[in-house]
Every structure is written in C-alpha cells, then in structure tokens.
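[1] Below is the sequence, then the predicted model.
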Amino acid sequence: MASRVTFIGAGNMAGAIIGGMIDNGHPAAAITATSPSDEILAPLRERFGIRTETDNAAAVRDADIVVLAVKPQIMRDVCEGLRETLQRQRPLVISVAAGLTAESLQAWMGGGLPLVRCMPNTPSLVGAGAAGLFATPEVGAEQRDQATTLLEAVGLAEWVEKEEQLDAVTAVSGSAPAYFFLMFEAMEEAGVKLGLPAETARRLAIQTALGAARMAQGSEFTPDRLKRNVMSPGGTTERAIEHLEQAGLRRIMAEAMEACAARAREMAEELGKR
Ligand SMILES: NC(=O)C1=CN([C@@H]2O[C@H](COP(=O)(O)OP(=O)(O)OC[C@H]3O[C@@H](n4cnc5c(N)ncnc54)[C@H](OP(=O)(O)O)[C@@H]3O)[C@@H](O)[C@H]2O)C=CC1
Ligand SMILES: O=C(O)[C@@H]1CCC=N1
C-alpha cells in the first residue's frame, strides 16, 4: 500500500512535489495537503484530486509521512501546533525548509521524532527534481527508504552525511533553478539585441539548456571536455567562452552560491531554537 503523505503547506514546493508524485503514480487519495486558505487548496484538489484540509493536526492524524513545507518564518508556530499530534502519531517527518536545523525542528515538535531534513527543488514538478537529504539518528532504515522513495519519485535524491552540507545543497540545487531561469532571461534579451524575435530566442535557449543537460547527465566526458567539443579553434564559441571567463563567471557563481549558503546559515541563527 502506498504511504499516506501529508503536506503541511501547499505552496510552490509542496505543489511541485505533489505534481511529480501524481505523475509517477502515487495514488491521489493517499496525499493530503493543508493550508489555512481553501483558495490555495481548491486548485490542487481540482488539478490532482488529492485530499485537502485546513486543519493541520487533523491532516496529520492518519499520516505515515508528514512533509513540512511552510515558509521557515512560520515553521516554529506550525511545529508547536502539531507537537501533540506528532508525538502521538510518530510519523516520519520531512522538513523541506531552508536553513532550519534538526535541533530547532525537534525542539519545536517536542523531540525524538524520526526527522529527515530535505532540500528539494521545483523541477520536482516535472519529475526532474534534485534533492539533498539528511537523516537524524531517530530515522530507521525503513524510514530512510521511505524518504528515498518519495523524493526519487520526483527526481534525483542524494543523501548527505553532515547536516551542514544541506546549505551547500541549497546553493547547488535548491535555489539553482532560479539561476538557470535568470540565464534564460539574459540569453533571450541578448538574442533579441542580436535580431531574433523574443519567442524564438527563448525557445532556442531553453532547448539548448535541455540538450546540454541531457548530454552531460551520465556522460563519460567531463563538462570541460563537452565544452571543448563545441569550441572550434579560432571559432565563435571560443570567443564567447573567453569573454565569460575573463568577465569572471566562475567567481560570480562562487560568490552567489556562497551568499546563498550563508543566508541559509543566517536563517538558522535568526529563526532557530529559542
Ligand atoms: N520554492 C522553492 O523553490 C523551494 C522551497 N523550499 C522550502 O519550501 C518551503 C515552502 O516554500 P514555498 O513553497 O516556496 O513557499 P510558499 O509560500 O509557496 O508555500 C507555503 C504555503 O504555506 C501556507 N501556509 C501558511 N501558513 C500555514 C499554516 N499555518 N499551515 C499550513 N500552511 C500554511 C502558505 O499559505 P499563504 O500563502 O496563504 O500564507 C503557502 O501556501 C520553505 O520552507 C522553503 O525554504 C525548499 C526548496 C525549494
Ligand atoms: O529561496 C528560498 O529560500 C527557498 C529555498 C531554496 C529555494 N527557495
């Protein structure tokens, strides 16, 4: 029988995982999503046929897995509100919140629960997610498998050994779809300046990213080798790559990703256990 999964919070991230789970065949009747507002729940009900609930505790009562998918800023209130039900029910809890440490989450939920911290990303919606997972000592082998199954249903799932590595995962994949969307915007704008219709430039840029990702995934060649295969000596690509390197693309990426991870650490401090 499929695990009964309850999502607390039904926003962007929960919607993306739910959409991916449904596409992958998880029965809609075994998925519940909660939100204080039925306006947010109605489209999910209509689109996916899942169960919805405005009362968080009621939605947790028969759950095998509870996915905490609210904004970090309200997580403490949500966890404290669920404390009694979670302690009674003892489901596997998966938090997808950036930053918030297992120590804080456990303190708010009353402690000792099997807790997985997960950093997923929104491409989960199309089955192409990339998630990092960290298990607290309370998580047994079977529950670890349950978390793997849930996240692998919507893409790649990689376990990390140390909790702080999740901040790096946030920089490398959690936040990273936005870097590529920014790149699409920039390529479209540049394509228009070079004389293409915006739609044509956008379609070509997106298809090229998809092609490059598919070529690189599982390739026997490194990204550097694949890059060099495009660069004819004295040709056009060489000129573009020289420009990107000289303009400091690597430094810019390193700085942006360090800022991302630093913000995750900062949020843990700001919102952490009190
Ligand atoms: N978006 C992303 O790409 C990623 C997000 N995450 C993490 O996922 C979590 C959610 O982010 P995201 O989906 O973007 O945020 P959203 O704001 O889209 O979703 C959160 C949802 O929770 C609802 N909510 C507010 N209060 C409660 C409550 N008391 N009980 C239940 N639901 C409530 C909100 O409703 P309302 O709007 O009415 O307040 C909203 O619909 C965050 O912790 C974030 O760090 C992790 C990886 C990637
Ligand atoms: O921007 C954020 O804080 C969340 C976490 C990772 C992606 N979105």
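    Alright, I've got the coordinates. Residues are numbered from 1 along each chain as shown. Ligands and ions are numbered 1, 2, ... in the order given.
[2] check contacts around the closest residue to ligand 1 within the stretch 1-150 of the chain.
    Nearest residue of the stretch 1-150 of the chain to ligand 1 (CB to the nearest ligand atom) works out as G11 at 1.8 Å. C-beta coordinates here come from the backbone N, C-alpha and C atoms, glycine included. Neighbour list for G11: S35, I40, A69, V70, K71 [criterion: CB atoms under 8 Å, 6 or more residues apart in numbering].
[3] so where is the stretch 101-250 of the chain shaky, pLDDT-wise?
    For the stretch 101-250 of the chain, no stretch has pLDDT under 70.
[4] cutoff 90 now
    218 (pLDDT under 90).
[5] quick one: the strands in this protein?
    Per DSSP state E, the chain carries strands over the ranges 5-8, 31-34, 51-53, 65-68, 92-95, 115-119, 129-135, 155-159.
[6] A240 is nearest to which of these?
    A240 lies closest to strand 129-135 among the strands of the chain, at 26.8 Å (CB to CB).
[7] For ligand 1, what's its nearest residue on the stretch 151-274 of the chain.
    Nearest residue of the stretch 151-274 of the chain to ligand 1, counting by CB to the nearest ligand atom: G174, 4.4 Å away.
[8] okay, now the closest residue to that residue other than its chain neighbours: neighbour count?
    Excluding its sequence neighbours, the residue lying closest to G174 (CB to CB, 6 or more residues apart in numbering) is M119, at 4.3 Å. Using other CB atoms under 10 Å, M119 has 28 neighbouring residues.
[9] of all the contacts of G11, which comes closest to ligand 2?
    K71 (8.4 Å).
[10] returning to that earlier point: ok, the residue nearest to G174 - contacts?
    So, once contact is read as CB under 8 Å, 6+ apart, M119 ends up touching V96, A98, A131, G132, L133, L166, V169, T170, S173, G174.
[11] any idea how far it is from ligand 2?
    7 Å (CB to the nearest ligand atom, to the nearest Å).
[12] Over to V160?
    Counting by CB to the nearest ligand atom, the gap from V160 to ligand 2 is 15 Å.
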